[in-house]
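Novice: Just need the structure, nothing else, for what follows:
(6 chains)
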6 protein chains.
Amino acid sequence: MSKLSHYDDAGSARMVDISDKPVTARVAKAHAFVHMSPEVLAALPSNPKGDPLEVARIAAIQAAKRTSDLIPMCHPIPISKVDIDFGIEAGGIRVTSTVACSAGTGVEMEAMTAASIAALTIYDMTKALDKGIQITDIHLLFKSGGKSGDYQRDSS
Amino acid sequence: MSKLSHYDDAGSARMVDISDKPVTARVAKAHAFVHMSPEVLAALPSNPKGDPLEVARIAAIQAAKRTSDLIPMCHPIPISKVDIDFGIEAGGIRVTSTVACSAGTGVEMEAMTAASIAALTIYDMTKALDKGIQITDIHLLFKSGGKSGDYQRDSS
Amino acid sequence: MSKLSHYDDAGSARMVDISDKPVTARVAKAHAFVHMSPEVLAALPSNPKGDPLEVARIAAIQAAKRTSDLIPMCHPIPISKVDIDFGIEAGGIRVTSTVACSAGTGVEMEAMTAASIAALTIYDMTKALDKGIQITDIHLLFKSGGKSGDYQRDSS
Amino acid sequence: MSKLSHYDDAGSARMVDISDKPVTARVAKAHAFVHMSPEVLAALPSNPKGDPLEVARIAAIQAAKRTSDLIPMCHPIPISKVDIDFGIEAGGIRVTSTVACSAGTGVEMEAMTAASIAALTIYDMTKALDKGIQITDIHLLFKSGGKSGDYQRDSS
Amino acid sequence: MSKLSHYDDAGSARMVDISDKPVTARVAKAHAFVHMSPEVLAALPSNPKGDPLEVARIAAIQAAKRTSDLIPMCHPIPISKVDIDFGIEAGGIRVTSTVACSAGTGVEMEAMTAASIAALTIYDMTKALDKGIQITDIHLLFKSGGKSGDYQRDSS
Amino acid sequence: MSKLSHYDDAGSARMVDISDKPVTARVAKAHAFVHMSPEVLAALPSNPKGDPLEVARIAAIQAAKRTSDLIPMCHPIPISKVDIDFGIEAGGIRVTSTVACSAGTGVEMEAMTAASIAALTIYDMTKALDKGIQITDIHLLFKSGGKSGDYQRDSS
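Specialist: The predicted structure is shown next:
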């Protein structure tokens, strides 16, 4: 089994050295789902001008840029793209984030953080209607670039 | 059905006015679960000195303090307590966050954010072992204080 | 003439002591105007779903909360409300910000900062169409609360 | 007319992809003017040791570095230089900011943000003397680097 | 001997609960010393307009406000005053910070952080002249307010 | 004697231009010492699960990433590694930080800031036991990369 790369040989947490890693183009996609009742979902478009999803989209883009400030062992990364998509489905709202960079390490945590903060913001914008809203299925969908090879989540 | 409180009468997003709300003691608890394989779970204690959960605990405490920076419509709140608990179970790690304050609004989003960032940090610390790790069941467990009354999630 | 309150008797910059100031309700309103050509203005609503003003609104709310991080001598203040209004006029977009708090000092700089960042974000969202867009007339409109009395800008 | 580049084809706001843009040297200069009465201007140098402009200079340098945190669609950029100049004139204080980087996108917003925060800080340092101080003429003076070509504001 | 208050009964780090602590006026003073050679000290005032100590003063005031963001177990505190004093002595520069608040916990760490960041900034502003500059004697000078009683460092 | 590089020819503070400096691998190591009594040192391991040094380690890693936000004239740098070591000695705790990057300027201030925040966090975690704890000997140990050549502190 692989080692936990955030630990050195003595077991202390550290930010791993990426000094010698080549700078390559990297992309990561992550997913989250916000479960909400049909009543809450139905109320979303009834706001004359506002849209909870637009607030969530901007929060997610901002959060992607702050990932290394939030997740202790993450490196600061010059993100080159953030895209947040929402799908409104019968049981709630599906969040998909895509983050790209050209760096010595990937943007997997940036995509995961963006999807999570989008979901938390949707929760915040709708929680007055239903305290039971729940966020599930935060996971990596896809990853490319870097020596560990591409990853595509098995959707079966 | 209640209104979406983050929107004014014209439907524009805004930070709702809590100027006239009484300052009361408030507590919120939130939950997240990090699903991981038995192999990854078994590897956690094998680090001589380090512990992914301690890194996650500190990240979560820091994130609770930054909630209003991350979730656009949240008010800055003088948090008076943050506690993060972890339970290691057969299928993964259970995260429970407790946040308290004395303020004109509650700490529901602070507890939700703390639980989410704890889970994301655990993911980051273990993702080298398994890309398929997934975070689920981010929800509010309990809330007290404030005029909307107490809330206790139905655990049935 | 009044003293520059940010300086002590020896002339060194400092964050002035508000320890003994009573906590009172305070409100401040500020203004900014983003001059743009009729062509750029006309292009704003042609985006199928997006709206530069909604991005600017959220940026402004977030900036109000970060004022003490941006303006060195500002105190951290528990903001209780932020509201951003936009008026689309012949020559551009009028920004009005309203910020409230209950504190020992006012939210004048929070309102000024929110209006400025809203204007800068509108600029950023439209600059691809016209590099000559200009922001003007950033000023305080109104201030209430605190011992220095209310202020209402002369609109003549 | 050019497209609003911050929107994708469906009109959703996003951080545009600069992954394929070449890294080139880029410079941007921006301008702001703080109108103040002759009495307030005359009071500026009467502080034995302190100088509002030095506080504003440092606030502006710090703000340039935080631009992507303040303006939602801005990319994080490794800024290589920030310079803030002040000119004391009959009607107030002229602020000129210069920012440089070597990156796949420019520092136009960094220069605009630096000039704006310098002006807001001057306002904050002098507002006790005159509530009517006003900030105007925030605009781009110059831009070089990048495929869209150089820009020089028409000063006529 | 007292307990380490940042740990709960099971030994996990947490942000201690100050919900029930009375809000009282609190002051803390801290100290740092930056040792530098007479040559470096002599060069400080030779800058026609600039002054490294003014940059350090502003950095220290900003850092005091960010203490809870830097020191994991610190509570966010509404600081009501920050004052930074410098004394130029034969062997270097003496830094004294004073921070005040009205809160349920003290500002000891805010004063310690402000003094440290002031010293680090002086180091940064002068390190081109001498890599051997050293910061020493960072300690608490004084503390008042709160149930643990006042503290005055023994200067003998 | 060298010039103070943070000042331009007119003596105004600025962020120096590193646009033309070559991007090279750079490493810096810094040191701090936290003096504490034998009683406080003996109490450190008596926490069943917690460890003040692990909290300090994470705070230091996070602080290294925020250096340009704390020290006004520092450039934002894409840090590629942070390592924090602690040595428990008779008179206290020795902190050594190592930071690496590939950039146009070095990470000397990142290493100094990381060591300082580690020391301040240890102070915060133990101050309930002894108010007289003191931080000393914050200095650069080593620096490599960049045109000014390597530096090794004389340990004699």
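
Novice: from here on, contacts and neighbour counts on C-alpha atoms
Specialist: Noted.

Novice: show me what contacts the closest residue to A:I58 other than its chain neighbours?
Specialist: In this structure, A:I58 finds its nearest non-sequential neighbour in D:P72, 6.6 Å apart by C-alpha to C-alpha, 6 or more residues apart in numbering or on different chains. D:P72 is in contact with A:I58, A:I61, A:Q62, C:V55, C:A59, C:T121, D:M15, counting by C-alpha atoms under 8 Å, 6 or more residues apart in numbering or on different chains.

Novice: would CSV of those with pLDDT be doable?
Specialist: Below are the contacts of D:P72 laid out as CSV (pLDDT from 0 to 100):
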residue, pLDDT
A:I58, 96
A:I61, 98
A:Q62, 98
C:V55, 93
C:A59, 98
C:T121, 96
D:M15, 92
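
Novice: buried ones in stretch A:76-88?
Specialist: By neighbour count on 16 or more other C-alpha atoms under 10 Å in any protein chain shown, the buried set for stretch A:76-88 is A:P76, A:I77, A:P78, A:I79, A:S80, A:K81, A:V82, A:D83, A:I84, A:D85, A:F86.

Novice: what would those look like in TSV with secondary structure?
Specialist: Listed next are these as TSV, based on DSSP: H, G, I helix; E, B strand; the rest coil:
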residue	secondary structure
A:P76	coil
A:I77	coil
A:P78	coil
A:I79	strand
A:S80	strand
A:K81	strand
A:V82	strand
A:D83	strand
A:I84	strand
A:D85	strand
A:F86	strand
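
Novice: Could you check how far A:D124 is from B:S68?
Specialist: A:D124 sits 11 Å away from B:S68, going by C-alpha to C-alpha, to the nearest Å.

Novice: and the residue of chain A nearest chain E?
Specialist: A:D69 (10.0 Å; C-alpha to the nearest C-alpha).

Novice: so that residue sits in a strand?
Specialist: No. Going by three-state DSSP, the assignment for A:D69 is helix, not a strand.

Novice: can you pull the contacts of it?
Specialist: Applying C-alpha under 8 Å, 6+ apart, the residues contacting A:D69 are F:Q62, F:K65, F:R66.

Novice: Please identify which of A:D124 and B:S68 sits among more neighbours.
Specialist: When A:D124 and B:S68 are compared for neighbours, A:D124 comes out ahead with 24 against 20, by other C-alpha atoms under 10 Å in any protein chain shown.

Novice: contacting residues around the closest residue to chain D within chain A?
Specialist: Relative to chain D, the nearest point of chain A is A:K81 (4.4 Å; C-alpha to the nearest C-alpha). Listed by C-alpha under 8 Å, 6+ apart, the contact set of A:K81 reads A:T98, A:V99, A:A100, A:C101, D:R14, D:M15, D:V16, D:D17, D:I18, D:S19, D:H75.

Novice: Output the longest helix belonging to chain A.
Specialist: In chain A, assigned by DSSP state H, the helix with the most residues is helix A:108-126.

Novice: Would you tell me what the next helix or strand after that one is?
Specialist: strand A:134-144 (DSSP states H and E).

Novice: who touches the helix or strand just after that next one?
Specialist: Following strand A:134-144 in sequence order, the next helix or strand is strand A:151-152 (DSSP H and E). With contacts defined as C-alpha under 8 Å, 6+ apart, strand A:151-152 is touched by A:L141, A:F142, A:K143, A:S144.

Novice: need those in JSON lines with distance to chain C, can you?
Specialist: Listed next are the contacts of strand A:151-152 as JSON lines, based on distance: C-alpha to the nearest C-alpha, whole Å:
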{"residue": "A:L141", "distance to chain C": "26"}
{"residue": "A:F142", "distance to chain C": "27"}
{"residue": "A:K143", "distance to chain C": "28"}
{"residue": "A:S144", "distance to chain C": "29"}
